[in-house]
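S.K.: no sequence on this one, just coordinates:
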């Protein structure tokens, strides 16, 4: 769903991951990363500025067994433990953190995958303040 505010588009999406867990993410037009040929798409996307505290990190366009190591670190909450859960369609997996992120913090994700919009598999997003 897109809504226009001045010259900026805002997308509100709901990510449904393994086990039916959901996570809402708001993206501005500046946050949207276009899919690259052969690249893995990540959600929240690199540069997202309004992810929820309970968000999962979804990696699409990769076989679940090929995800490898995913390291997720919050600027306030530190390193996050979690599990990799395959998507039921076989076209991705989600890192499901054991606990929530801290409101307003920057989260850094590192993988060995070719993630669209990331540099050498590393990217970041920000957790919504006041959530």
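M.R.: Here it is on my side, so go on. Predicted, not measured: the structure shown is a model, and the values here were computed from it. Residues are numbered from 1 along each chain as shown.

S.K.: Low-confidence ranges, this structure, go.
M.R.: Confidence mapping of the chain against pLDDT under 70 gives the ranges 1-38, 131.

S.K.: What residues does the residue lying closest to residue 105 once chain neighbours are set aside make contact with?
M.R.: Leaving aside its chain neighbours, residue 105 sits nearest to residue 76 (4.2 Å; criterion: CB to CB, 6 or more residues apart in numbering). Using the backbone N, CA and C atoms, a C-beta is placed for each residue, glycine as well. Residues in contact with residue 76 (CB atoms under 8 Å, 6 or more residues apart in numbering) are 102, 104, 105.

S.K.: Could you pull out the strands in the chain for me?
M.R.: Listed in chain order, the strands of the chain (DSSP state E) span 2-5, 8-16, 22-28, 41-43, 57-60, 70-74, 78-80, 82-86, 92-97, 106-111, 122-126.

S.K.: partners of the fourth one, with directions?
M.R.: Next to strand 41-43 in the sheet, as set by DSSP bridges, lie strand 57-60 (antiparallel).

S.K.: starting at the chain centroid, how far to the partner strand?
M.R.: Centroid separation between strand 57-60 and its chain, computed with CA atoms, centre = their mean, to the nearest Å, is 6 Å.

S.K.: which residues does residue 79 form a beta bridge with?
M.R.: Beta-bridge pairing for residue 79 (DSSP bridges): residue 73.

S.K.: burial measure for it, as a count.
M.R.: Other residues near residue 79 come to 10 when the count uses other CB atoms under 10 Å.

S.K.: got it, and residue 82?
M.R.: Using other CB under 10 Å, residue 82 has 16 neighbouring residues.

S.K.: Could you report the separation of it from residue 59?
M.R.: As judged by CB to CB, to the nearest Å, residue 82 and residue 59 stand 13 Å apart.

S.K.: what's the burial count for residue 72?
M.R.: Neighbours of residue 72 (other CB under 10 Å): 19.
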